[in-house]
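# show me how the following folds:
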Amino acid sequence: MKSGLIIALFLLMPAILFAQHPVSGTVRDSVGEPLVGVNIVQKGTYRGATTNIRGEFKIAATSPMATLVFSYIGYSKIEVPVNGQSEIDVVMKENVIELNAIQIVGTRSFNRTVTETPVAVDVIQVKDVTEHSGQVSVNQLLQYAAPSFNSNKQSGADGADHIDPATLRGLGPDQTLVLINGKRRHQSSLINIFGSRGRGNTGTDLDAIPAAAIERIEILRDGASAQYGSDAIAGVINIVLKSSVNEFTGSVTTGISNADPGSNYDINPDKSFDGLTVNTSANYGVRLGQDGFANFTLDYVSKAKTNRPTDPDAFDVYREKFGDASANNFAVYMNSAIPINAASGFYIFAGYNHRYTDAYAWTRGADEDRNIPEIYPNGFNPRITSTITDYSVSAGYRSKFNGWDIDLNNTFGSNRFDYVIKHTLNASLLAASPTKFDAGGFQLIQNTSEANFSKFYSHIAQGANFAFGATYRIDNYQIFAGEEGSWKNYGGLYIVGTDTSLRPAGSQGFPGFQPSNELNKSRTNIGAYADAEFDLTQEFMIGTAARFEHYSDFGNTFNGKLASRYKVTPDVSLRGSVSTGFRAPSLAQVYFNSSFTDFVGGEPVEKLIARNDAEITKALGIPALKQEKAIDMSLGFTAKYEDFTATVDAYRVVIKDRIVLTGAFDNSDTTISAYFPAGIAQASFFTNAIDTKTNGLDIVLGWTRYMDNSRLNVTYAANFTDMSLGKTIKTSDKLAGKEDIYFGRREQLFLLASAPDSKMNLTFDYKMNAFTTNLQFIRFGEVKLENWDGNIDKYRAKIVTNLAFGYNVSKNITVSVGANNVFNQYPDQHDAGLTETGGNWDAVQMGFSGAYYFSKITFTY
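Prediction:
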């Protein structure tokens, strides 16, 4: 009998092991409001799910006796035994958070939470933001969601028209580290030469990552080089990809811009509306085996140009076409985990993005030496088009051994930028010139290998976490030449009366890279870190971190961090940190070189940007680039009283030896003209020229009130920033006395204009049954820039109003309509012949596209 029972159990064992018990339900807060994005995991497995916009979830448990773990930022983790039930409704309580297996940026402890960190961390649920803004790019989403984040579309800025430069806390685009799922993201291959933000900097192309693939974005507003390495001076942006399964989410968004700024602006619009935008996206996750998952996202964005041409009766017209570039952007992303057992498994996430962008350059007049009337009788507007190919793959293995969390990872990324110039010509070829040229481009490749180890000790004080690890990274930067006609001078003459001169060479709008510009350069760096966090008491914690890195091109750097948090009461905490940081010079800053035609006050000038090791650079005594060094300090508090919450954080960031692009030295200066290559009128260089000090304040205030069938959430978020420059411009001996050119007031003001002096968001979010309304006021502070006449163009503070309405048509369909910049606000107008852009505005504040009206429909099944 016993043997028969044993045999029966043996035969039934596979069915028992692989049986599935479906469980569904709803998760709400203590007042009955559905919670979106709650993580549900079957205890002891990788099997999980998340709640949808109605707080609903479905999960296939492996046993009727399984236990489900519910966790959500800002709420207590709870464990619920299934006990054979097929429907479970859960109520989660606020204040205490246990996000086991979820690591928040800024800490390596799995037992720390976003509200318990000693530094400021913003967590932005992307689904919530996209419903209210209608924006389809990550840069523009964050522009309106995070006051410390600033990004503007550029115009007339060559490559910067195609990849938007972005900044955090008013520092450089390359002083913010971007992670995906906690792993370092490669930067763009583009270095910004023109435009009002990030001149001389490389940044990360956030718009290569579709919003539809993102669960949440964590913004660490504190220096973190001792934890994460180079670039994390201003902070860290961590993008967490979706991991949901058995749920399809699709959306279609359409939008259009108001092309008429109104009678207060001297603009001659050629239509009433432009900039038509269409975004379609789809996301779906599948189960891999018993407990793994694979989540996939497809995303396509089509955006037409905007045009705000100057009225010829008001100003001289330097650009007949002025506005945002058009773009067609396709992306596919994948996030997956493949467990081996309950304690270990593999993971992989990857993405591919292909973008074609088309931007207008400055207008060429009919009678200029840059035009051939036989080709363009009325002059022409060259178009700089680009094909940007971005892809990455990150794969790793996670496990537990003797209480240690182990993470072994390799991440590869590439960003390639190819220029094709259309509706152009090479004037030196006269009437035989083609009107389209391949102008070459550049590429950045990065591979990072790392090993990370972390362990939590509950018996040390009130708990302690220790972590250490090592990284090895290879960076490669390439420049490849364009076709010969895009850069060569074929000797064509320009004849006016008895005057004869050579016509300009190369494709108008953007001369191609020459064979002499080509390069293929690499470097390596190795790093090691250790950090520890101690909860000395239930109220007081302290964290430390240290990191050493060696770079093959400039040597060693060592950085440290000390951070602490003290709970004055259960609802009030003080927090602060001090750290040192660094940023290695990018390979683009070291090696980028190009000859091109620039416009100074509307007049063409042949310019050279020389690489750091070029003969002219060495001859003028400009030293080899070295790392930027920083000291970050922050002090703040968090508080909660009933329905009201507050966080206030003051910060200071002192940076030594910032790398900048100098002003243009002219070959008319006889003391240096002998060093200039033939045909070059002006030359600029990358150099460690300036020290800066940035003081700032971040404020986030929130108030929520629940009523019978409705909820009102009011949020005020603000960033105040003040940057000052060091008294000394670090010039070379041969260029002494030329500080006004080396890094003069015009270039200094571009650096100071990395962000407005303040940016404030006031948001009212109201929900009643199936209806939602979102009203937002954004105030952009004042910006000052120097125009080509040497005078100051002041852009006064402006307020932009956003308004959106949403309605749940059914449990599966949501419709939203609204407008960003409802009242069609623009920056103050200035003389188009004297601005950096050649239009009536520089690329500041809310930009120059005006009101944007949108509609969106979302499907969830």
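# lowest-pLDDT helix or strand in this protein?
Here the helix or strand of the chain ranked lowest by mean pLDDT, DSSP states H and E is helix 2-18, holding a mean of 41.
# what is the subsequent helix or strand relative to that one?
Once helix 2-18 ends, the next helix or strand along the chain (criterion: DSSP states H and E) is strand 21-28.
# now do the buried residues in that next one.
Neighbour-count burial for strand 21-28, counted by 16 or more other Cβ atoms under 10 Å, picks out 21, 23, 25-28. Where C-beta positions appear, they are placed from N, C-alpha and C, glycine not excepted.
# so which of those is the closest to Asn152?
Of all the buried residues of strand 21-28, Asn152 sits closest to Val27, with 39.0 Å by Cβ to Cβ.
# confidence score at that closest one?
Confidence at Val27, expressed as pLDDT, is 93.
# same question for the one 3 residues further on.
With respect to pLDDT, Ser30 scores 73.
# name the helix or strand for the residue lying closest to Ala431 once chain neighbours are set aside, please.
Distances taken as Cβ to Cβ, 6 or more residues apart in numbering place Glu374 nearest to Ala431, at 4.3 Å, with adjacent residues excluded. Following DSSP H and E, one finds Glu374 outside all helices and strands.
# neighbours of Glu374, how many?
Applying other Cβ atoms under 10 Å, we find 11 residues neighbouring Glu374.
# that one touches Ala432, doesn't it?
No - taking contacts as Cβ atoms under 8 Å, Glu374 lies outside contact range of Ala432: 9.7 Å.
# mutual contacts of these two, please.
Common contacts of Glu374 and Ala432 (Cβ atoms under 8 Å, 6 or more residues apart in numbering): none found.
# isn't Glu215 right next to Val126, touching?
Yes - counting by Cβ under 8 Å, Glu215 touches Val126, with 6.8 Å between them.
# circling back to that earlier point, could the buried residues of strand 21-28 go into TSV alongside distance to His354?
Shown next, in TSV, are these (distance: Cβ to Cβ, whole Å):
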residue	distance to His354
His21	43
Val23	40
Gly25	41
Thr26	40
Val27	38
Arg28	42
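# out of those residues, the closest to Asp691 would be?
For those, the residue nearest Asp691 by Cβ to Cβ is Val27; the value is 50.9 Å.
# grab the nearest non-local neighbour of Asn787.
Leaving aside its chain neighbours, Asn787 sits nearest to Leu834 (3.8 Å; criterion: Cβ to Cβ, 6+ apart).
# phi, psi of that neighbour?
The phi and psi values for Leu834, taken as degrees, to the nearest 10, are phi -120, psi -10.
# residues near Asn612, how many?
Around Asn612 there are 20 other residues, counting by other Cβ under 10 Å.
# ok, Phe466 next?
Per other Cβ under 10 Å, the neighbour tally for Phe466 reads 18.
# Asn329 too?
21.
# quick check: it is in a strand.
Yes - the assignment for Asn329 is a strand, going by DSSP: H, G, I helix; E, B strand; the rest coil.
# what segments of the stretch 1-150 of the chain are helices?
Secondary structure of the stretch 1-150 of the chain, counting by DSSP state H, counting those that start in this stretch: helices at 2-18, 126-133, 138-145.
# do a quick rundown of the strands in the stretch 151-300 of the chain.
Taking DSSP state E, counting those that start in this stretch, the strands of the stretch 151-300 of the chain run over residues 166-168, 176-180, 183-184, 214-220, 235-241, 248-258, 273-288, 292-303.
# quick one: closest of those strands to Ala60.
That would be, of those and by Cβ to Cβ, strand 273-288, which comes in at 7.6 Å.
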